[in-house]
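Participant: show me how the following folds:
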Amino acid sequence: MTPQTPLDCVLGLLRAIEAGGGAEKIGAFLAADFILTEAPHLLAPQGSTRNRAEALAGADAGGQVVSGQRFDVRRTSCDGGRVVVEAEWSATLLMDLPHWDAGEEIRARTASVFEVRDGRIISQDSYDCYYTTA
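Facilitator: Numbering: from 1, shown residues only. Down below sits the predicted model:
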């Protein structure tokens, strides 16, 4: 059996998120020392940094905020264990948020840089640009 490539690991994470996977499913892709760093964006103007436990808690809580998450991957680039993914992300809101109402589709253009070691993601730096289609 061929070992999973870093790109396979990252795309597996995105597909697990799309499938509605919470902490249990997503956790299989993340290393114990995983760190998620989000650059400032419309919904988190200060940005954020979360460890694995915090990211997994956010994945579970996210199911109360959005449904039907989808990543339309536009482009990937790999260099060793570094994977860059550019994608269009969308989901349906289950609650009101600034700039959107429950039931509306929320969209973002995303670029994320992942570091993969020994078949697990050790870090993700995300740069998200949320927008409306109105």
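Participant: what's the longest helix in the protein?
Facilitator: helix 6-18 (DSSP state H).
Participant: buried set for it?
Facilitator: 6-7, 9-14, 16-17 (16 or more other CB atoms under 10 Å). C-beta coordinates here come from the backbone N, C-alpha and C atoms, glycine included.
Participant: of all those residues, which two lie farthest apart?
Facilitator: Greatest spatial distance among the buried residues of helix 6-18 (CB to CB): 6 and 17, at 17.2 Å.
Participant: quick one on the thing from earlier: for the longest helix of the chain, name the packing helices and strands.
Facilitator: helix 23-27, strand 66-79, strand 82-93, strand 105-117, strand 120-131 (3 or more CB pairs under 8 Å, 6 or more residues apart in numbering; DSSP states H and E).
Participant: quick one: mean pLDDT for the first one?
Facilitator: So that's helix 23-27. For helix 23-27, mean pLDDT is 93.
Participant: okay, the next helix or strand after that helix in PDB with CA atoms only?
Facilitator: Sequence-wise, the next helix or strand downstream of helix 23-27 (DSSP states H and E) is strand 30-38. Extracted as PDB, the C-alpha positions of strand 30-38 are listed here (Å, rounded to 0.1, in the frame of the first residue of the first chain):
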ATOM      1  CA  LEU A  30      -4.300  16.500  13.000                       C
ATOM      2  CA  ALA A  31      -1.000  15.900  14.900                       C
ATOM      3  CA  ALA A  32      -1.000  16.200  18.700                       C
ATOM      4  CA  ASP A  33       0.900  19.500  18.400                       C
ATOM      5  CA  PHE A  34      -1.400  21.000  15.700                       C
ATOM      6  CA  ILE A  35      -1.700  24.800  15.600                       C
ATOM      7  CA  LEU A  36      -4.300  26.700  13.600                       C
ATOM      8  CA  THR A  37      -3.600  30.400  12.800                       C
ATOM      9  CA  GLU A  38      -6.200  32.500  11.200                       C
END
